[in-house]
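# Here's my sequence, what's the structure:
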Amino acid sequence: MDTAAPDASAGLVFREATDADVDTLVTLIESAYRGDSSRAGWTTEADILEGQRTDPEGVLAVIKSSDSRLLTVERDGRVVACCQLEHRGTHAYFGMFAVSPALQGAGLGKVIIAEAERQARETWGATEMHMTVISVRDDLIAWYERRGYRRTGRMTPFPYGDERFGIPQRADLQFELLVKALA
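Numbering: from 1, shown residues only. Okay, here's the model as predicted:
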C-alpha cells in the first residue's frame, strides 16, 4: 500500500484542468471513493458513504474559481489522478484528491502531493497546507501523517442530509483538519 515504486513519477504530466476535463474528473473521483470500482484501491469510502462523492457542477466550480486550481495528472495521455489546490491567505487547501484505483499503492500519491505542495509554495507563497479528512478514515489519516501532516483535533460536521456529498452509512462522520508546514 505504501511502497514507492522507483518510477512512480515516470511519464507524468501535470496540468490545470479545463472545462473539457469535467466528466473525466468526475468519473475518476467517483471511482476512487465510491461503489464497487473503488474497492480495487485502498481509498474507498464505500463502506461509510453511498451515493456520489462529487458532481460536474462541483468540479466545474473548482476549475472556474480564481483562487483555486484543479491539478490534473496524466500518464500516456490518460487522466490518472487529480487534486484541488485553493489559495486561502497564508495557507493553501488541498482537496478533491483522487488516484485511479488500479494505480493506488505504487507511490503515485506521494509524487502528486509533493508536487501540490511545491506549487502552493511557489505560486502563492503558502506556508502551510490544510486539508480535511473524514475522521474515521484511520488508514488515510495515517498515510497523510507519514507525509508530514498532523492531526489538529479540530472537527467540522459532516453535511448530513445533503446528498451532494454522499449518503452516510453511519452517524459518527465528521471532518478533521490536518495541517502541514511547508518548508
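# from here on, contacts and neighbour counts on C-alpha atoms
Noted.
# helices or strands next to the lengthiest strand in the chain in the packing?
For the chain, the strand reaching the highest residue count under DSSP state E is reported as strand 78-88. For strand 78-88, the contact count by 3 or more Cα pairs under 8 Å, 6 or more residues apart in numbering; DSSP states H and E identifies helix 22-33, strand 68-75, strand 91-99, helix 108-124 as packing neighbours.
# mind listing what the residue nearest the centre of the chain touches?
Nearest to the geometric centre of the chain sits residue 97, at 1.4 Å (Cα atoms, centre = their mean). By Cα atoms under 8 Å, 6 or more residues apart in numbering, the contact set of residue 97 is 29, 81-84.
# Could you list the residues in contact with stretch 133-148?
So stretch 133-148 is contacted by 2, 43, 110, 150-151, 173-178, 180 (Cα under 8 Å, 6+ apart).
# Give the buried residues for it.
133-135, 137, 140-141, 144 (16 or more other Cα atoms under 10 Å).
# quick check, nearest of these to residue 114?
Each of those was checked against residue 114 using Cα to Cα; the closest is residue 144, at 11.5 Å.
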